[in-house]
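Chemist: Fold the following and give me the result.
(chains A, B, C and D)
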There are 4 protein chains.
Amino acid sequence: MIIVMKHTASAEDIQQMITNVEALGLKAKVIEGVERTVIAAVGEERVAGIHSLESGPNVDEVLPIVAPYKLASRELRPEDSLVQAGSLAVGSGQIGVIAGPCSVESEEQLLATAHAVKAAGATALRGGAFKPRTSPYSFQGMKEEGLKLLAEARSQTGLAIVTEVVSPDDVDLVAEYADVLQIGARNMQNYRLLEAVGKSHRAALLKRGPSATIDEWLLAAEYILDGGNQNVMLCERGIRTFEAHTRFTLPLATVPYVQQKTHLPVVIDPSHGTGHTHLVPAMSRAAIAAGANGLIIEVHPNPSKALSDGYQSLTFDQFEETMAGCVKIAEAVDRKLGVMQ
Amino acid sequence: MIIVMKHTASAEDIQQMITNVEALGLKAKVIEGVERTVIAAVGEERVAGIHSLESGPNVDEVLPIVAPYKLASRELRPEDSLVQAGSLAVGSGQIGVIAGPCSVESEEQLLATAHAVKAAGATALRGGAFKPRTSPYSFQGMKEEGLKLLAEARSQTGLAIVTEVVSPDDVDLVAEYADVLQIGARNMQNYRLLEAVGKSHRAALLKRGPSATIDEWLLAAEYILDGGNQNVMLCERGIRTFEAHTRFTLPLATVPYVQQKTHLPVVIDPSHGTGHTHLVPAMSRAAIAAGANGLIIEVHPNPSKALSDGYQSLTFDQFEETMAGCVKIAEAVDRKLGVMQ
Amino acid sequence: MIIVMKHTASAEDIQQMITNVEALGLKAKVIEGVERTVIAAVGEERVAGIHSLESGPNVDEVLPIVAPYKLASRELRPEDSLVQAGSLAVGSGQIGVIAGPCSVESEEQLLATAHAVKAAGATALRGGAFKPRTSPYSFQGMKEEGLKLLAEARSQTGLAIVTEVVSPDDVDLVAEYADVLQIGARNMQNYRLLEAVGKSHRAALLKRGPSATIDEWLLAAEYILDGGNQNVMLCERGIRTFEAHTRFTLPLATVPYVQQKTHLPVVIDPSHGTGHTHLVPAMSRAAIAAGANGLIIEVHPNPSKALSDGYQSLTFDQFEETMAGCVKIAEAVDRKLGVMQ
Amino acid sequence: MIIVMKHTASAEDIQQMITNVEALGLKAKVIEGVERTVIAAVGEERVAGIHSLESGPNVDEVLPIVAPYKLASRELRPEDSLVQAGSLAVGSGQIGVIAGPCSVESEEQLLATAHAVKAAGATALRGGAFKPRTSPYSFQGMKEEGLKLLAEARSQTGLAIVTEVVSPDDVDLVAEYADVLQIGARNMQNYRLLEAVGKSHRAALLKRGPSATIDEWLLAAEYILDGGNQNVMLCERGIRTFEAHTRFTLPLATVPYVQQKTHLPVVIDPSHGTGHTHLVPAMSRAAIAAGANGLIIEVHPNPSKALSDGYQSLTFDQFEETMAGCVKIAEAVDRKLGVMQ
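Modeler: The predicted structure follows:
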């Protein structure tokens, strides 16, 4: 931690900061600059109370030096993590492809989609049974009945099931049916949910909140890892910016940046990341080219009849074509796309 | 709903859209423009499936006409709502002031703060017992013990208690001790929590998520209202933007804008909204001048020793001075600041 | 400058960085932390090449310590600057009010507005003669003819004239007629224009670009100050964020923040900052309550006939009412609003 | 244009709006909805005064239907434009690669870079002679001497020269030496400059401003096209968002989105778009995979000695490797990378 004092700080203020730093169990090293004094607090920065240094007398700024997360950091674990869950493998050269409808709507809809996405090369099936919806007047999901249909789809196709869990109370139920527990963007900082998933034996797919910083996202992953669950995939699904022509802005530089900071694999969601069907194929290819470890794509037999997210879902044909494009890109970057375990 | 067709749309595409609109129970009115055709879908827009119109053939854009919320809208209820909870009154000319520490840390800290903020004119006491923290390594709150201290502070000062609830399972417990259930920014779209608070008899303070649109925020309020709880206060606490010198950007235009759209009162949080002690007094005054119905301000006996948010907390003296400034502004806008019920 | 090395940095990398730091004429102080090494570069940070330190071997981050501007900083000049230009005084307890139409459209429109805003308490008249317009198909301004009308308005009312200059070639012409040269948000980083205005004897009003950081804005002011022109007013007119219900997001915390960093006065533009007539009065009051040194407000005799910005212009009556509200707020913060020199 | 009236609008208000619409030469079609009335203004929307409709009585919102630009739109010109300037070809299946230093610093630096980037497959040389710099204390460029060195580099390598012009007064001078006039992000709305470039016979590379919407960017292109210059390339170089780990956020969905709206080619700048050398290779590949028509990349013989932008420049080896990666991606999307004319 670097503490930058104001140029008006007195010798007394500086002494007070040294005392404050030492009270946290850190060593204080004072650097007298030309215009102002800087104090380096050397030691473990991840202690409760570290941020209170900012409210000391005549402090201008407090600059952290180490990342606030530990278990998620590549410093702790230099090699890539490979997350496996049934047919899905993500990380370490394997690119997983999770595809399926936004919501499970019916047996017919789900099974048709499951067979179609498998045929096109997907390695897992997505489908929401518990749906967090912006409006209380929107379709809220088929709940346990939806989970049963997902299990049926797995038994027919062999595809691992990825589905969202929205409440700590539901983790056991969802884990009974699913291979991967998805934590949605809206729940990225629902810490009770993160703790419950941390205790589950199922892999987790943690979506980034639309205004979460990378540090906040990795700290959310840290909650799950700290709970004992090491099978965590990160999922970038777009951030909120002033751009209005896309639903969110999909910042693909997240991929190489995060891969440098963490050993956890990164999956890209071009469906939510753009919000428009016609932008999904290009962004799927771009994600693979940027080095993403996986894709999660919304596919629906008839998007214009979908109960949710139809405007960003691919038809079966569009998905097949998108996969064909991605396979070529994966080869160009020496990765394997969509190889089932 | 206005559906703008692409200029390449055929007569068949337009006919298809008319059919899609009518399938939702709406009437379709076609307007042939110079460059393209527009279809107005007349009727109740708030139906499941309305957004799927966007994935129809050769549709360029779909523009909603009515607000997606009903119960929260001023169209339904033209007069201002007044929310009362113990000593706190917010709305209809009454400006409530909620003050206290970020976290309940000890009996001494809490009671000293409670007496100090009451003396300075606060009408409710805030204090977190269940703390949602970005890092798993940060102080997580005193939990039920903290709630008991809050109740003790109320019995000594008469101040209504405002405290956060982070999980649906805790709503009953928190409601036993608190007058107002705060839903934090991170949980604004935790719908299970919103539903549980909707069934509570306690008033709710709903913070805006840092990247939530106004519509998303009012739809979150709609979940609570739809559950039967009509005592909802909105709280603007800053949005995430590129500005780095403040923790969040506090957009005070929210106040007059939201007051035009909804009957619910709007409280401003200048502590989180700026993230720096020295900016809180000016933004408190500005909030009142903009017409805010209340303030929620972090106050701590010794901010540099606080277990959380010290850098944005006021000392007792700073709070007293801030209140004195706000009283004058309230008079200038013909409102009453901090009158206890 | 603080250089944070990666945890993988070797002794050689650190030695290289020390060499790089010293090559810039700075002293290098090495702080060995628990997880990584930090190098403090002590000396004048504002040298060409300082940023290249970031591309050294195994550097994780480079954190600046001092503000990049000098002449604009309060460290150089602790007391507030008072900018005076004809009837307008801004800074040091004086709150200036600049009002008038977006564009000068006709003699009748301009003179009527000039008399009306003066009667309501404005201390300067705004009006665009050279208009930078987003679309080439929009009204581009009356140019020199407009400047002549502005001069006529001054001679009738005594109000100082504030008008935009969009090109270095026009500075002399505009300075012939105007008291204050406005640099618009789009031109905040048009350095040739800043240099030309820096050589003018007229005061400058420098609008913040909608995505400019505070440092970039103050560095733009530095160009003008460095050119020799010390009469610079800053103008916050809103930043671009994801908020769509306002044209821009007006971050009033800019006022107390910037006033701490610089001696230059800060004017708020609630017209562009909100983009909607009905939000202007509340944000004008809030700006004064936050401590703004001035306001610049769009007023038009008949906004629905305006050739530009009608949707954010006040009528004469609305402006009069807004001023009445602001006068009360100014009294509440012990400032004087709208006193002509 | 769709005008949405408030639900409180009277028959008189609606009649007034019809009159206002007709006064602009448009036809008004009234659609009476369940909750409110909507008026469609049919005709040419791109007329001065159209936006003033928003300030009519009891208007809630005004929604444009057609894009505000004409010459840039694909509706006007359905086929892709191919821009050619010397050795550079961009558009219609040709992917141009512009590479070179941020600033021209010396003959040795420039010529070494020119030969290196040509050998690695670049089809044009970039290098700034007139540098718009955030700080007045930074290196401002070699000006005409730099232009001469660029011309010398072209004569040695055959590479087309791309260099920035920052003032209308310099257009003729720069056009004498350069093949492509670059308009930087800070000058995207410097309309005088756009007009001057519109009259030049040299091709233009128009960078997107960091907070410009797509419409504003295409309207800036419209200024150039309207001036008579049809050789316009768009360049996405990142937008400003809350993300702090990259200098800007590079939204690659711009590529497929913009290609749908305009016939002009789109070049991606991964150097400014990320601000970090180590992110440039991945984002270069991703840009090609997304369908970009070109790349512009900063390359320097010794980035840690660069006078500007060293932290985002590639070494010769890094550029060569990046190109090798991009060639494979280009093949995977059936495009040709870096074929000189």
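Chemist: Can you give me the neighbour number for whichever residue of the stretch 101-250 of chain A sits closest to chain D?
Modeler: Nearest to chain D, among the residues of the stretch 101-250 of chain A, is residue A:241, at 4.3 Å (CB to the nearest CB). All C-beta spots, glycine's among them, are computed from the backbone N, C-alpha and C. By the measure other CB atoms under 10 Å in any protein chain shown, the count of residues near residue A:241 is 27.
Chemist: ok, it touching residue C:243?
Modeler: No. With contact defined as CB atoms under 8 Å, residue A:241 does not reach residue C:243; the gap is 11.1 Å.
Chemist: before we move on, the earlier item: pull the contacting residues for the residue of the stretch 101-250 of chain A closest to chain D.
Modeler: Neighbour list for residue A:241: A:248, A:249, C:242, D:239, D:241, D:242, D:249, D:251 [criterion: CB atoms under 8 Å, 6 or more residues apart in numbering or on different chains].
Chemist: Next one: the fifth one from residue D:261, what distance?
Modeler: From residue D:241 across to residue D:261, the span is 22 Å (CB to CB, to the nearest Å).
Chemist: same deal with residue A:16?
Modeler: From residue A:16 to residue D:261 the distance is 59 Å (CB to CB).
Chemist: and if you look at residue A:117?
Modeler: On the measure of CB to CB, residue A:117 and residue D:261 end up 31 Å apart.
Chemist: which other helices and strands contact the helix ranked longest in chain A?
Modeler: Longest helix in chain A, counting residues (DSSP state H): helix A:316-332. Helix A:316-332 sits against strand A:94-100, helix A:107-120, helix A:280-289, strand A:294-298, strand A:336-337, helix D:316-332, with contacts defined as 3 or more CB pairs under 8 Å, 6 or more residues apart in numbering or on different chains; DSSP states H and E.
Chemist: got the residues of the stretch 101-250 of chain A near chain B?
Modeler: A:132-139, A:166-169, A:186-187, A:189-192, A:209-211, A:216, A:219, A:222-223, A:226, A:239-240 (CB under 8 Å from any CB of the partner chain).
Chemist: want to try JSON lines for the helices and strands packed on helix A:316-332, with mean pLDDT, distance to residue B:233 and mean neighbour count as columns?
Modeler: Below are the helices and strands packed on helix A:316-332 laid out as JSON lines (pLDDT from 0 to 100; distance: least, CB to CB, whole Å; neighbours: other CB atoms under 10 Å in any protein chain shown):
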{"stretch": "strand A:94-100", "mean pLDDT": "97", "distance to residue B:233": "40", "mean neighbour count": "29"}
{"stretch": "helix A:107-120", "mean pLDDT": "98", "distance to residue B:233": "41", "mean neighbour count": "20"}
{"stretch": "helix A:280-289", "mean pLDDT": "98", "distance to residue B:233": "40", "mean neighbour count": "29"}
{"stretch": "strand A:294-298", "mean pLDDT": "98", "distance to residue B:233": "36", "mean neighbour count": "28"}
{"stretch": "strand A:336-337", "mean pLDDT": "92", "distance to residue B:233": "50", "mean neighbour count": "16"}
{"stretch": "helix D:316-332", "mean pLDDT": "98", "distance to residue B:233": "53", "mean neighbour count": "20"}
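Chemist: The ones you listed: which one's closest to residue A:39?
Modeler: Residue A:39 lies closest to helix D:316-332 among the helices and strands packed on helix A:316-332, at 37.2 Å (CB to CB).
Chemist: Strand D:294-298 and that closest one, what's the angle between them?
Modeler: Between helix D:316-332 and strand D:294-298, the angle comes out at 170 degrees (axes from the mean of the first three to the mean of the last three CA atoms, to 10 degrees).
Chemist: The one helix or strand residue A:40 maps to near chain B at all?
Modeler: If you go by DSSP states H and E, residue A:40 is part of strand A:37-42. No. Using CB under 8 Å from any CB, strand A:37-42 never reaches chain B; the gap is at least 14.0 Å.
Chemist: so for that strand, what's the average pLDDT?
Modeler: Per-residue pLDDT over strand A:37-42 has a mean of 88.
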